[in-house]
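[1] pasting the sequence and the predicted coordinates here, then a few questions.
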Amino acid sequence: MHESIRGEWVVWLLVVAGLAVVEIGLAFARPVLSGDIRHLDEAPQIAERLHERSDLRVLIGGNSLIGEGLDPSLLDSLLSRDLGREVHGAMVRPDATGPLEWDYLFRKLVFNPGFVPDVLVLGFGPGHLRDRPASSAYLRLAVHHVDGSDIGRLWTEELHDFESRVGFFLARISMTFGLRDRISSRILATVVPGYRDRAAILLITQPGAGSASAPTYQHLVALLDEAGRWDLPVVLVPVPQPAPYPVEQEVLRIAAARNVAVLDVRPVEGLSVASFPDGKHLSAQGRRTFTRWLAGPLAQSLPESLRND
Amino acid sequence: MLFNSFQFWAFFGLVFLVYRALPHRAQNRLLLVASYVFYGSWDWRFLGLIVISTLVDFRVGRLLGKDGTSEARRKRLVILSVATNLGILGVFKYLGFFVDSFALLTQQMGLQANLPSLSIILPVGISFYTFQTMSYTLDIYRGELEPAEDLLDFALYVSFFPQLVAGPIERAKRLMPQVTLPRTVSRADVSEGLYFIIYGLFKKVVIADNMALIANNIFARDPASLSALEALLGVYAFAFQIYGDFHGYSLIAQGTARLMGFRLMDNFSHPYFAANPQDFWRRWHISLSTWLRDYLYIPLGGSRLGSFNTYRNLMTTMVLGGLWHGAAWTFVVWGTVHGGWLGIHRWLTTRLPRPTEGAVVGRLVRVFVTFQIVCVTWLFFRADSVPQSVAFLAALGKGVEVTEVVLIGYPLLAFYVLPMLAYELWVERRGDLTALTRMPVPVRALFYLIVLLMLVWFPAPVRSEFIYFQF
């Protein structure tokens, strides 16, 4: 049996060689796959550059809503004017993320001695501060967000099932596996016209979609508590959307219990449905409008110790 | 423990490693324990049903095989076996359905029958293993099979984990000798086994689950709100979902069994290339259609008792075949439509000239028409109720409106399905389901590399269970 089966090995050796070539190719092609990957790859340098500044360091966190919703350089100049001191803002806003990813990402990037900024501004949209199961996000957690020292915590607190643990491990060791969702959406967006705009339609009526039980906020709590341990003031900012939405009562309660400001400046004068060309993210003009509208109240909400250094 | 889960492959890997190190008898004991663990991982409480079925049929088989047993006693014994298996099936699968249907009937007649509404959990794979074990006693009764000598070997035949929960429904004539005699694993077994596993996973993970995304979206909507193109998209998507799902399962079952030296039967042979309904049933769920032919259609008289009885037998077989799939009127209607279609086809073939062999265009037309009719019948299979399937049929006749779902659904369907159909057409033309394993090494390696990358990169965002587990 062993003699005759040997020929089969050649096929599988070639397959393994092919997979290795794909893996190596992805190491080079990785930034081309999406702007979000480029952003996440640059995130350590963003944190590093912020750390090197001697002026007021503002870290703006969130997802693409805040990424497209604020103009960092405009915010810097407006805050500098209002606070009477130089302000430097940096933004870390990975796509489609929430407190689960931010908690691990900020532990990796900023919750380290000497790297803690002076202020953390977290932008969010409707329902974005709710918990999501880590099993649905293990790929990106593995590839981008989780530091090696946090794997144990993720393993024991978040990934409880065998499937997501194996998936996390594979994503950690292989980009072919870890970047699968980026690769497939890139290919499908190339092959299927309008894929990016329409794919979500098919998920709307899937079994279980929208049938979640009462929302929980444990990851938000963990993130705010960690910020508290580092004496980092946090400001939560609901980002405008075409339709108004309330800040959830539980979020307000959690924030109040931790002395975290929730800066709701909506409605924003000058924004209309037309300011959201894709129905979700602000246009360049809308971004500047919102930044101007937010800067004053944001400066007012900061602790006295951060003004006029 | 789904075939498309890491958990199953860890389980199989462990079983396989130990299996390779054991002698034949010990291999059988290991596989029996593994099969019970596999089944128990769904719901250990239903293991008792498999054990009952195993013990009854083993004992009946032994008694049937005894010399000097009278014909009357042999009949009673085989009735006991059939009654036990159909009894299990009846209680756990059909009792709730019949009680509810009877209550509805009496209600419509203006009577008030205070019947309890039963919600009995359906044991996974019950229809498969009861049919498999019934064929054992029936074959012994017919004198076509010797009874098993070892209870544990027979228990393995009933519960062999690769095909326990969704087939193929193996006959004892084929599988029992593979259990009782020492097995060898050749190069072809490894090559074809791995091919079956990888292509099976591709059909489930890439084809079926992505098609489920489209089909679930459309079937969850109010049929009145659907355009004709949307309804048709839902039907096509489900057609490839159920094909990918069930064929994928059968292939993985064949592949895992093959790596351990077992040869399970081919359950599918490119059914969507069928040129007529008879051809379709020769290619779709072959283990069930041949079971129904051998143990129902032919015993009813088959085509030997004149035209009327032939049509009656066809219809009876297909209606019961429909009901086998599930305890719902939608399955009854599905079986009835197929029975009617087979009858019409039979009637036409006796009156029309036979199609010319080798006429490509004619065959293409027949395949196209057959596929469209099969797809329409899937409406009844997929719909939650008969009224919903009728409403879907009505939607198919509505105006052609190009909606957002249409604009994303059809290109996605084409992206996933067309390459698969092109590959299967190539296999069909070669007339060899494992033709790829005989290709040169670089061709095979490239095929596996592409399929593996598709598996890794294109799983659906929502994973679905295997459809046939519920039967």
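    Received it, and whenever you're ready, just let me know what you need. Computed from a predicted model, the values in this text were never measured in an experiment.
[2] wait, A:M91 sits on A:L65?
    No - the criterion here is C-beta atoms under 8 Å, and A:M91 misses it with A:L65 at 11.9 Å. Where C-beta positions appear, they are placed from N, C-alpha and C, glycine not excepted.
[3] can you count the residues close to residue 283?
    This is for chain A. When neighbours are defined as other C-beta atoms under 10 Å in any protein chain shown, A:S283 has 15 of them.
[4] wait, chain B was what I had in mind.
    As a burial measure, B:R283 scores 19 neighbours (other C-beta under 10 Å).
[5] same question, B:P177
    When neighbours are defined as other C-beta under 10 Å, B:P177 has 10 of them.
[6] tell me the phi and psi of it?
    When read as degrees, to the nearest 10, the backbone of B:P177 gives phi -60, psi -30.
[7] try the one 5 residues further on
    Torsion angles at B:P182 (phi, psi; degrees, to the nearest 10) stand at phi -60, psi 140.
[8] again, but for A:L170
    The phi and psi values for A:L170, taken as degrees, to the nearest 10, are phi -60, psi -40.
[9] not counting sequence-adjacent ones, nearest residue to it?
    Distance criterion C-beta to C-beta, 6 or more residues apart in numbering or on different chains; nearest residue to A:L170, sequence neighbours excluded, is A:F177 at 4.4 Å.
[10] doesn't that neighbour fall inside a helix?
    Yes - with DSSP: H, G, I helix; E, B strand; the rest coil as the criterion, A:F177 is assigned to a helix.
[11] quick one: B:V441 from B:Y448, how far?
    Distance, B:V441 to B:Y448, by C-beta to C-beta, to the nearest Å: 11 Å.
[12] and these two? Which one has more around it.
    B:Y448 (22 against 13).
[13] would you agree the more buried one falls within a helix?
    Yes - using three-state DSSP, the assignment for B:Y448 is a helix.
[14] quick one, what contacts it?
    A:V11, A:W12, A:V15, B:I198 (C-beta atoms under 8 Å, 6 or more residues apart in numbering or on different chains).
[15] got the buried residues for the one helix or strand the first one maps to?
    Per DSSP states H and E, A:V11 falls inside helix A:2-33. Of the residues in helix A:2-33, A:E8, A:V11, A:L14, A:V15, A:G18, A:L19, A:V22, A:L26, A:R30, A:L33 count as buried by neighbour count, 16 or more other C-beta atoms under 10 Å in any protein chain shown.
[16] wait, what's in contact with the second one?
    With contact set as C-beta under 8 Å, 6+ apart, A:V11 has these partners: B:S191, B:V441, B:R444, B:A445, B:Y448.
[17] just the ones of those residues in helices?
    Taking DSSP state H as the definition of helices, the contacts of A:V11 contribute B:S191, B:V441, B:R444, B:A445, B:Y448.
[18] show residues contacting the helix or strand of chain A with the lowest mean pLDDT.
    Lowest by mean pLDDT, DSSP states H and E among the helices and strands of chain A is helix A:195-203, with a mean of 81. Here helix A:195-203 makes contact (C-beta under 8 Å, 6+ apart) with A:185, A:188-189, A:209, A:278, B:213-214, B:217, B:404-405, B:407-409, B:411-412, B:461-462.
[19] please apply the same query to stretch B:53-64.
    B:69, B:73-74, B:77-78, B:80-81, B:84-85, B:88, B:129-130, B:133-134, B:136-137, B:140-141, B:147-148, B:151, B:154-155, B:158-159.
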